[in-house]
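**Q** Next one to model:
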Amino acid sequence: MARYGMLLDLTACAGCMACTVGCQMQNELAPEIHFIKYYQQEYGTFPDVSLVNIPVQCQHCENPPCVYNCPTGASYIGDGGIVLIDEHRCIGCKYCMTSCPYNARVLDEETKTPVKCVFCFEQIHEGEQPMCVRTCIGDARIFGDLDDPEGELVRAINERHARPLRPDLGTKPKFFYVW
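**A** Residues are numbered from 1 along each chain as shown. Okay, here's the model as predicted:
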């Protein structure tokens, strides 16, 4: 069984939000719901200053606080290590939302339950790439199996010295960034 992960090369990300739009279309999300959030960070000292766009979404952690703090078991780790939500078991308590250090969950106002990125779970099991990867104009995203040492994802993580956000939190994210 694969252990899915993703790399996002921030040096190739144009900040165009094509991934966000593709994700919204794929998941039929309301305009106000975004599974991919953009943050900006300044680097350097004047006059040598640069700004980087940092898209952040569910990190599909191996040690996910959202799963461990869900009182009903609605948040769980599915096939391939993808963190999922069983909408039928969710009571809308939002413990998962407050537990996520990446602010990756969003409240669906219609259903009053949290929703989030699921790495396009159904599509990847049909052999397709997640929509955010398919729509990225800069080819900044790579999706694959973290247990395949010869795969494109693992090679890119090693060659580009990619690292997860906030490894100090102990969540063991399966989402890696190239700074």
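**Q** Now do the helices in the protein.
**A** Using DSSP state H, the helices of the chain run over 18-26, 65-68, 95-99, 121-124, 131-135, 152-159.
**Q** Compare those and give me the one nearest residue 111.
**A** helix 95-99 (13.6 Å; CB to CB). All C-beta atoms are positioned from the backbone trio N, CA, C, and that covers glycine.
**Q** What residues of that closest one count as buried?
**A** 95-97, 99 (16 or more other CB atoms under 10 Å).
**Q** Let me see the contact set for residue 142.
**A** Residues near residue 142 by CB atoms under 8 Å, 6 or more residues apart in numbering: 6-7, 9, 133, 152-153, 156.
**Q** which of those residues are buried?
**A** Applying 16+ other CB under 10 Å to these flags 6-7, 9, 133, 153, 156 as buried.
**Q** Would you reformat those residues as CSV and include pLDDT?
**A** Listed next are the buried ones among the contacts of residue 142 as CSV, based on pLDDT from 0 to 100:
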residue, pLDDT
6, 98
7, 98
9, 98
133, 98
153, 98
156, 98
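**Q** Considering these, which is situated nearest to residue 27?
**A** residue 133 (14.4 Å).
**Q** roughly how far apart are the closest one and residue 98?
**A** 29 Å (CB to CB, to the nearest Å).
**Q** Now do the strands in the chain.
**A** Taking DSSP state E as the test, the strands found in the chain are 4-9, 37-45, 48-56, 75-77, 83-85, 106-108, 113-115, 141-145, 163-164, 175-178.
**Q** re the thing from before, just so I know, which of the helices of the chain lies nearest residue 108?
**A** helix 95-99 (11.2 Å).
**Q** And the contacts of residue 142, which is closest to residue 69?
**A** residue 6 (23.6 Å).
**Q** mind listing what that closest one touches?
**A** 60, 119, 130, 133, 141-144, 153, 174-176.
**Q** Mind giving me the ChimeraX select for the residues you listed, buried ones only?
**A** Buried members of those, defined by 16+ other CB under 10 Å, are picked up in ChimeraX with:
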select :60,119,130,133,141,142,143,144,153,174,175,176
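**Q** Put together JSON lines for the contacts of residue 6, with distance to residue 68 on each row.
**A** Shown next, in JSON lines, are those (distance: CB to CB, whole Å):
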{"residue": "60", "distance to residue 68": "15"}
{"residue": "119", "distance to residue 68": "20"}
{"residue": "130", "distance to residue 68": "25"}
{"residue": "133", "distance to residue 68": "28"}
{"residue": "141", "distance to residue 68": "28"}
{"residue": "142", "distance to residue 68": "28"}
{"residue": "143", "distance to residue 68": "25"}
{"residue": "144", "distance to residue 68": "26"}
{"residue": "153", "distance to residue 68": "26"}
{"residue": "174", "distance to residue 68": "16"}
{"residue": "175", "distance to residue 68": "19"}
{"residue": "176", "distance to residue 68": "22"}
